[in-house]
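> Whatever this is, show me its structure:
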Amino acid sequence: MTDALLVAPILIPLLTAIAGAFGWGNARFQRSIGVFGTGALLVAVVALFVEVNRAGVVAIQLGSWPAPYGITLVADLLAALMVLVTAVVAFAVAIYATTDVDDAALEIGFFPFFHVLLMGVCGAFLTGDLFNLYVWFEVMLLASFVLLVSGPGRLALRSGVAYVTLNLLASAFFLVAVGILYGKAGSLNLADLAIKLSASDGPEAARPVALLLLVAFGIKAGLFPVFFWLPAAYPRAGFAVSALFAGLLTKVGVYALIRVFTLLFPVAEHGIADLLLALSAATMASGVLAAASQSHVRRILSFHIISQIGYMVLGLALLTPLALAAAIFYVVHHIVTKTNLFLVGGLIARAGGSEELGRLGGLSVRRVGLSVLFAVPALSLAGVPPLSGFFAKLLLLRAALDAEAFVAAAIATAVGLLTLYSMTKIWNEAFWKPAREDERPGDGTLPWSALVASGALATVTIALGLGAEALWSIAVDAADQLSGHDDYLRVVLGSRT
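Just a heads-up that it's a prediction; the model follows:
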């Protein structure tokens, strides 16, 4: 049963993509199979999370080859939590996409590539070795490029080329690091590497590899100063696509950073804690300052992805039990909140006829429900209680103060205030100010499926805030597993540990 649960998050999107390929050219079938596949994925990962929460770390060796020689899939609490939140937002985005994506895009394979992307994301979270992490990154890159360039206009293609070029550069750094590690340790299994690196010549010998991986995963995550591909690409995609990207893609990079720099290269031992701390502060500050200067809804939201990544990396840089648990809490909060903000951005454009704030206005009068749907994730992103963002920021600030990282704590506080300013700016311009006399509103209809999808994620955001204690308990247990390693190593390697 456990084997099936571990394979399901990869197998279900794969089978859904294949089924969608057989329905090529049939938009109605594509909608049905796309939503059904994400629903099945959600059911499967809920079962996986329940099993991991009950039994602890679980793993399988595909093809019956023992670790470290075969392909390992492994789920601890962090991995199980990540595939769970992935399935939640994917289900909502799939429902939203049934009316956001036109028939032409559906007929040429939107949902098959959507599910290939999900397969890559879930594979990255569940893989137990570095080479297969590289493979899953490439699967994600291929699918995301196709989805990105399927957006309207030539600018989508131009942005897609820039996006894929920089991500291929990240893949090159990753592949070089993988080659050096294999030459040094003769293995790429994460558990096996953890043992061999801990018994090697010392952290100085492994530091170049750690820095290569930091660059590779930093590009994927959108860390300063290699984040410029993100705000150039995301606003050019369709709304459903940009919402899925905003919620998941950079967080796979953050997950890889957390996994590698807790299991293989603990930041304190390898002398990169100060570097990560500086990068997190620079990422927070540069992202929020750039967002404050924008006047396009999705460009504002895209730059805020960058600033929020800085918060997550701050938790990794501090690497205390509190900080690591807070980073995990923050990742879950941000995936749900940011995905929903991009979905609502699409509804704003549909209702107001534009994404430029200067051309919007009066939505609080004409679209009361939409106002609520925007307010919930916007206030959560800004850290207003009792929503999930408040607890995520509070926990990270407390961790920073406990670790005497006062400069980082001050920057994080200022970034939170500027985030509130940006969300207020969107509210004032799009919702509160009167509509312009020469305004050309959108088509006047907000599809029920899109409203349901956004409303569901808003409900999850509220639930995460009101039930913060439950999520915090899971985050603490996940952080304990990351810090301890013993269960992970024992389950993957068995008697070899």
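
> For the helix or strand bottoming out on mean pLDDT in the chain, list every residue counted as buried.
Within the chain, no helix or strand scores below helix 103-107, which has a mean of 79 by mean pLDDT, DSSP states H and E. Using 16 or more other Cβ atoms under 10 Å as the test for burial, helix 103-107 gives 105, 106. Heads up, the C-betas are built off the backbone N, CA and C, glycines and all.

> Can you give the distance from it to the centre of its chain?
Counting by Cα atoms, centre = their mean, to the nearest Å, helix 103-107 is centred 26 Å from the centre of its parent chain.

> Give me the contacts around it.
Identification of contacts with helix 103-107 by Cβ atoms under 8 Å, 6 or more residues apart in numbering yields 24, 25, 26, 27, 30, 31, 150, 238.

> please redo it, this time with the cut-off set to 6 Å
By Cβ atoms under 6 Å, 6 or more residues apart in numbering, the surrounding residues in contact with helix 103-107 are 25, 27, 30, 150.

> Pull out the buried members of those.
Buried subset of the contacts of helix 103-107 (neighbour count, 16+ other Cβ under 10 Å): 27, 30, 150.

> Go through those residues and name the one nearest residue 297.
Nearest to residue 297 out of the buried ones among the contacts of helix 103-107 is residue 150 (Cβ to Cβ; 20.7 Å).

> Grab the nearest non-local neighbour of that closest one.
Computed as Cβ to Cβ, 6 or more residues apart in numbering, the closest residue to residue 150 that is not its neighbour in sequence is residue 105, at 5.5 Å.

> Please report how far that neighbour lies from residue 206.
Using Cβ to Cβ, to the nearest Å, we find residue 105 at a distance of 45 Å from residue 206.

> Would you map the strands across the stretch 301-450 of the chain?
Counting by DSSP state E, counting those that start in this stretch, the stretch 301-450 of the chain forms no strands at all.

> Low-confidence bits of it, can you list those?
Low-confidence segments of the stretch 301-450 of the chain, defined by pLDDT under 70: 436-444.

> now what about stretch 364-377, what contacts it?
Around stretch 364-377, the neighbours that count as contacts under Cβ under 6 Å, 6+ apart are 337, 340, 341, 344, 347, 351, 431, 432, 454, 458, 461.

> and it, how far from the chain's centre?
Stretch 364-377 sits 25 Å away from the centroid of its parent chain (Cα atoms, centre = their mean).

> Show me which residues of that stretch are buried.
By 16+ other Cβ under 10 Å, the buried positions in stretch 364-377 come out as 364, 367, 370, 371, 373, 374, 375, 376, 377.

> Just give me the neighbour total for residue 482.
Residue 482 is flanked by 24 other residues according to other Cβ atoms under 10 Å.

> re the thing from before, helix or strand next in line after the least confident helix or strand of the chain, which one?
Next along the chain after helix 103-107, taking DSSP states H and E as the criterion, comes helix 110-126.

> okay, that next one in CSV with CA atoms only?
What follows is helix 110-126 as a C-alpha-only set of coordinates in CSV (Å, rounded to 0.1, in the frame of the first residue of the first chain):
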residue,chain,number,x,y,z
PHE,A,110,-2.8,22.7,-22.3
PHE,A,111,-3.9,20.1,-19.8
PRO,A,112,-1.4,17.3,-20.8
PHE,A,113,1.5,19.7,-20.3
PHE,A,114,-0.2,21.0,-17.1
HIS,A,115,-0.1,17.5,-15.7
VAL,A,116,3.5,16.9,-17.0
LEU,A,117,4.4,19.9,-14.9
LEU,A,118,2.7,18.5,-11.9
MET,A,119,4.5,15.2,-12.4
GLY,A,120,7.8,17.0,-12.4
VAL,A,121,6.9,19.0,-9.3
CYS,A,122,5.8,15.9,-7.3
GLY,A,123,8.8,14.0,-8.6
ALA,A,124,11.2,16.7,-7.3
PHE,A,125,9.6,16.6,-3.9
LEU,A,126,9.7,12.8,-3.6
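
> What's the mean pLDDT across that helix?
Helix 110-126 carries an average pLDDT of 95.

> likewise stretch 42-59?
What stretch 42-59 shows for mean pLDDT is 94.

> Please enumerate the helices of the stretch 1-150 of the chain.
For the stretch 1-150 of the chain, the helices defined by DSSP state H, counting those that start in this stretch cover 2-22, 27-55, 77-100, 103-107, 110-126, 130-149.

> Could you do the stretch 351-497 of the chain as well?
For the stretch 351-497 of the chain, the helices defined by DSSP H, counting those that start in this stretch cover 363-366, 368-382, 388-402, 406-426, 448-466, 468-484, 486-493.

> Please name every helix or strand in contact with the helix or strand hosting residue 245.
Taking DSSP H and E as the definition, one finds residue 245 inside helix 239-263. Judged by 3 or more Cβ pairs under 6 Å, 6 or more residues apart in numbering; DSSP states H and E, helix 239-263 is in contact with helix 77-100, helix 110-126, helix 203-221, helix 297-318, helix 321-352.

> just the angle between it and helix 130-149, please?
Angle, helix 239-263 to helix 130-149, by axes from the mean of the first three to the mean of the last three Cα atoms, to 10 degrees: 160 degrees.

> chain center to helix 239-263, what's the gap?
Distance of helix 239-263 from the chain centroid (Cα atoms, centre = their mean) equals 3 Å.

> And stretch 62-74, by the same measure?
Here stretch 62-74 is found 27 Å from its chain centre; the criterion is Cα atoms, centre = their mean.

> What residues of it count as buried?
Within stretch 62-74, the residues scored as buried using 16+ other Cβ under 10 Å are 67, 68, 71, 72, 73, 74.

> which two in those residues are spaced the farthest apart?
Farthest pair in the buried residues of stretch 62-74 (Cβ to Cβ) is 68 and 73. Separation: 13.5 Å.

> returning to what we had before: go through the contacts of helix 103-107 and flag the one the model is least confident about.
Least confident of those in the model: residue 150, at 73.

> hang on, isn't residue 57 packed against residue 487?
Yes. Counting by Cβ atoms under 6 Å, residue 57 does reach residue 487; the two are 4.7 Å apart.
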